[in-house]
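Participant: I'll drop the sequence and a predicted model, then ask my questions.
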Amino acid sequence: KQEVTQIPAALSVPEGENLVLNCSFTDSAIYNLQWFRQDPGKGLTSLLLIQSSQREQTSGRLNASLDKSSGRSTLYIAASQPGDSATYLCAVKRYDSGGGADGLTFGKGTHLIIQP
Amino acid sequence: GAGVSQSPRYKVAKRGQDVALRCDPISGHVSLFWYQQALGQGPEFLTYFQNEAQLDKSGLPSDRFFAERPEGSVSTLKIQRTQQEDSAVYLCASSLDVSMRAFFGQGTRLTVV
């Protein structure tokens, strides 16, 4: 059974710092990997999607990398801002029994606070 | 619509009561997913539809949980004889195709008392 672990569970840093969030997964047979942001009381917002054949994706100040063979992904946030404060969730899309894509398996998230 | 819409946003049910949670996906999205998120945890997969076909229901925790999408658009998650451990946020997501980026609704917070 696929398991996704995120480290650290919580992180508090001053505004302006660059930071790295870590995600690891136990089964390397993944369809893709996604990073989401969740604000309190709200749904999830998709930030980046990396296909299993890709190594990284970038969007603005965010960069996500994927090392499928070692079961690891990192989310790099440059020049952090107070508005980046949220919970960041890593999720891997698994294969179903027929070899197609299926649902997502999520980690528990990293709760990030950016201090003004 | 502009996004995935879920209703109600909040539901309080007495133990033993049946509840129905509704999800309106983004128009044209073929794939629809339900997830359950307990407090302080990541979402857990419940079930997945491709159009009206329920292709995977392996995550449904018991036979008290039932989901349907009869016309391949709106979906309903039904929980019979609710129990306290069913208290959670239920999230619905849709995507153009199962392999593509998923868009989530704001969720329904269910509290069983």
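Facilitator: Yep, that arrived.
Participant: can you tell me which residues contact the nearest residue to B:Ala102 once chain neighbours are set aside?
Facilitator: Closest residue in space to B:Ala102, ignoring its immediate chain neighbours: B:Ala93 at 4.2 Å, by Cβ to Cβ, 6 or more residues apart in numbering or on different chains. C-beta: built from backbone N, CA, C; applies to glycine. Listed by Cβ atoms under 8 Å, 6 or more residues apart in numbering or on different chains, the contact set of B:Ala93 reads A:Leu44, B:Val4, B:Leu32, B:Phe33, B:Tyr35, B:Ala102, B:Phe103, B:Phe104, B:Gly105.
Participant: what bridges to B:Ala93?
Facilitator: Beta bridges link B:Ala93 to B:Phe33, B:Phe104, judged by DSSP bridges.
Participant: and chain B, which of its residues are near chain A?
Facilitator: Contact residues (Cβ under 8 Å from any Cβ of the partner chain) of chain B with chain A: B:4, B:33, B:35, B:40-45, B:48, B:55-56, B:59, B:91, B:93, B:98-107.
Participant: could you flag which of these are buried?
Facilitator: For those, a burial check counting by 16 or more other Cβ atoms under 10 Å in any protein chain shown picks out B:4, B:33, B:35, B:42-45, B:48, B:55-56, B:59, B:91, B:93, B:98, B:100, B:102-107.
Participant: okay, and which of those residues map to strands?
Facilitator: Residues of those located in strands (DSSP state E): B:Phe33, B:Tyr35, B:Glu44, B:Phe45, B:Tyr48, B:Leu55, B:Asp56, B:Leu91, B:Ala93, B:Phe103, B:Phe104.
Participant: output the residues you listed as TSV; include the columns pLDDT.
Facilitator: Formatted as TSV, these follow (pLDDT from 0 to 100):
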residue	pLDDT
B:Phe33	96
B:Tyr35	97
B:Glu44	96
B:Phe45	95
B:Tyr48	94
B:Leu55	92
B:Asp56	91
B:Leu91	97
B:Ala93	96
B:Phe103	93
B:Phe104	95
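Participant: closest to A:Glu17 out of those residues?
Facilitator: Of all those, B:Phe104 has the smallest distance to A:Glu17: 28.3 Å, by Cβ to Cβ.
Participant: quick one: contacts for the closest one?
Facilitator: Going by Cβ under 8 Å, 6+ apart, the list of residues near B:Phe104 reads A:Phe36, A:Gly43, A:Leu44, A:Thr45, A:Ser46, B:Val4, B:Leu91, B:Cys92, B:Ala93.
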